[in-house]
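Asks: Take a look and give me a structure for this.
(one chain, ligands or ions: 1)
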Amino acid sequence: MNDLPHCVACGSEYTYEDGDMYVCPECAHEWSKTAPAESADTSRAVTDAHGTALQDGDSVTVIKNLKVKGSSSVVKVGTKVKNIRLVDGDHDIDCKIDGIGAMKLKSEFVKKA
Ligand SMILES: [Zn+2]
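Replies: You can find the predicted model right below:
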(Lines give C-alpha, C1' and ligand atoms only; values in the text may rest on other atoms or scores of the structure.)
Protein backbone atom coordinates (compact mmCIF):
# COMPACT_ATOMS: atom_id res chain seq x y z
CA MET A 1 0.00 0.00 0.00
CA ASN A 2 1.20 3.43 -0.81
CA ASP A 3 1.37 5.79 2.04
CA LEU A 4 -0.96 8.48 0.79
CA PRO A 5 -0.73 11.91 2.33
CA HIS A 6 -3.69 13.26 4.19
CA CYS A 7 -5.81 15.83 2.41
CA VAL A 8 -4.04 19.17 2.51
CA ALA A 9 -7.35 20.99 2.68
CA CYS A 10 -9.35 19.12 5.32
CA GLY A 11 -6.91 16.57 6.74
CA SER A 12 -8.94 13.55 5.65
CA GLU A 13 -7.02 10.28 5.48
CA TYR A 14 -9.23 8.84 2.73
CA THR A 15 -7.32 10.37 -0.13
CA TYR A 16 -6.72 8.43 -3.32
CA GLU A 17 -4.57 8.78 -6.38
CA ASP A 18 -5.91 9.82 -9.76
CA GLY A 19 -3.16 10.01 -12.34
CA ASP A 20 -0.78 12.70 -11.22
CA MET A 21 -3.21 14.07 -8.70
CA TYR A 22 -4.31 13.22 -5.21
CA VAL A 23 -8.00 13.51 -4.63
CA CYS A 24 -9.89 13.91 -1.37
CA PRO A 25 -13.36 12.28 -1.44
CA GLU A 26 -14.51 14.25 1.57
CA CYS A 27 -13.99 17.82 0.43
CA ALA A 28 -13.31 17.19 -3.29
CA HIS A 29 -9.94 18.89 -3.02
CA GLU A 30 -7.42 17.80 -5.66
CA TRP A 31 -3.74 18.56 -5.67
CA SER A 32 -0.70 17.60 -7.65
CA LYS A 33 1.58 14.82 -6.46
CA THR A 34 4.57 16.79 -7.58
CA ALA A 35 3.67 20.00 -5.79
CA PRO A 36 4.97 20.44 -2.28
CA ALA A 37 2.35 19.68 0.34
CA GLU A 38 2.54 23.10 1.88
CA SER A 39 1.47 25.32 -0.98
CA ALA A 40 4.73 27.21 -1.00
CA ASP A 41 4.21 30.51 -2.69
CA THR A 42 6.06 29.94 -5.91
CA SER A 43 6.83 33.56 -6.48
CA ARG A 44 7.82 33.59 -10.10
CA ALA A 45 10.53 36.06 -10.82
CA VAL A 46 9.41 38.65 -13.33
CA THR A 47 12.30 40.60 -14.73
CA ASP A 48 12.57 43.57 -17.04
CA ALA A 49 14.50 43.77 -20.30
CA HIS A 50 17.76 43.98 -18.37
CA GLY A 51 17.02 41.19 -15.97
CA THR A 52 16.15 43.44 -13.05
CA ALA A 53 13.51 41.92 -10.83
CA LEU A 54 10.14 43.68 -10.88
CA GLN A 55 7.62 43.85 -8.10
CA ASP A 56 4.06 44.96 -7.62
CA GLY A 57 3.93 48.73 -7.33
CA ASP A 58 7.10 49.37 -9.32
CA SER A 59 7.35 52.04 -11.98
CA VAL A 60 8.70 51.04 -15.35
CA THR A 61 9.56 52.68 -18.64
CA VAL A 62 8.46 51.21 -21.97
CA ILE A 63 11.46 50.52 -24.23
CA LYS A 64 9.65 49.70 -27.45
CA ASN A 65 6.67 51.15 -29.29
CA LEU A 66 3.80 48.88 -28.42
CA LYS A 67 0.55 48.75 -30.29
CA VAL A 68 -2.48 48.62 -28.11
CA LYS A 69 -4.64 45.67 -29.01
CA GLY A 70 -7.95 46.62 -30.54
CA SER A 71 -7.13 50.28 -31.03
CA SER A 72 -4.90 52.54 -33.07
CA SER A 73 -3.11 53.79 -29.98
CA VAL A 74 0.56 53.15 -29.48
CA VAL A 75 2.41 53.13 -26.21
CA LYS A 76 5.53 55.02 -27.13
CA VAL A 77 9.10 54.32 -26.15
CA GLY A 78 9.85 56.15 -22.94
CA THR A 79 6.29 56.03 -21.61
CA LYS A 80 6.39 55.83 -17.84
CA VAL A 81 4.09 53.32 -16.25
CA LYS A 82 3.45 53.63 -12.55
CA ASN A 83 2.25 51.13 -10.05
CA ILE A 84 2.45 47.95 -12.10
CA ARG A 85 0.94 44.71 -10.96
CA LEU A 86 2.53 41.40 -11.84
CA VAL A 87 0.21 38.77 -13.23
CA ASP A 88 0.50 35.32 -14.71
CA GLY A 89 0.51 34.84 -18.41
CA ASP A 90 2.18 35.81 -21.60
CA HIS A 91 1.75 39.48 -20.76
CA ASP A 92 2.92 39.51 -17.19
CA ILE A 93 2.41 43.14 -16.22
CA ASP A 94 -0.99 44.62 -15.54
CA CYS A 95 -1.04 48.41 -15.48
CA LYS A 96 -2.82 51.61 -16.30
CA ILE A 97 -1.31 54.05 -18.74
CA ASP A 98 -2.26 57.70 -18.85
CA GLY A 99 -4.34 58.43 -21.92
CA ILE A 100 -4.78 54.78 -22.76
CA GLY A 101 -6.18 53.05 -19.75
CA ALA A 102 -5.75 49.59 -18.34
CA MET A 103 -3.61 47.27 -20.37
CA LYS A 104 -1.14 44.44 -20.13
CA LEU A 105 2.51 44.58 -21.02
CA LYS A 106 5.26 42.08 -21.47
CA SER A 107 8.03 42.51 -18.96
CA GLU A 108 10.61 42.05 -21.70
CA PHE A 109 9.55 45.39 -23.20
CA VAL A 110 10.00 47.51 -20.10
CA LYS A 111 12.79 48.54 -17.83
CA LYS A 112 12.55 49.45 -14.21
CA ALA A 113 12.30 53.22 -13.80
ZN1 LIG B 1 -10.23 17.05 1.98
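
Asks: Quick check: phi and psi at the spatially most central residue of the chain.
Replies: When C-alpha atoms, centre = their mean is applied to the chain, the residue found nearest the centroid is D88 (2.5 Å). When read as degrees, to the nearest 10, the backbone of D88 gives phi -80, psi 150.

Asks: ok, it to V46 distance?
Replies: Distance, D88 to V46, by C-beta to C-beta, to the nearest Å: 10 Å. Quick note: C-beta positions are derived from backbone N, CA and C, even for glycine.

Asks: List, one by one, the residues from this protein near the ion.
Replies: C7, A9, C10, S12, C24, E26, C27, H29 (C-beta under 5 Å from the ion).

Asks: Please indicate which of those are buried?
Replies: The neighbour count (16 or more other C-beta atoms under 10 Å) marks C7, C24 as buried among the residues of the chain next to the ion.

Asks: And the strands in this protein?
Replies: For the chain, the strands defined by DSSP state E cover 16-18, 21-23, 30-32, 60-62, 66-67, 74-75, 80-81, 85-86, 93-97, 101-105, 110-112.

Asks: For T52, find the nearest of those strands.
Replies: strand 110-112 (4.8 Å; C-beta to C-beta).

Asks: Report the mean confidence score over that closest one.
Replies: In this model, strand 110-112 has a mean pLDDT of 97.

Asks: CSV please, covering the strands of the chain and showing mean neighbour count.
Replies: As requested, the strands of the chain are arranged in CSV below (neighbours: other C-beta atoms under 10 Å):
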stretch, mean neighbour count
strand 16-18, 11
strand 21-23, 16
strand 30-32, 14
strand 60-62, 20
strand 66-67, 15
strand 74-75, 17
strand 80-81, 16
strand 85-86, 16
strand 93-97, 19
strand 101-105, 15
strand 110-112, 21
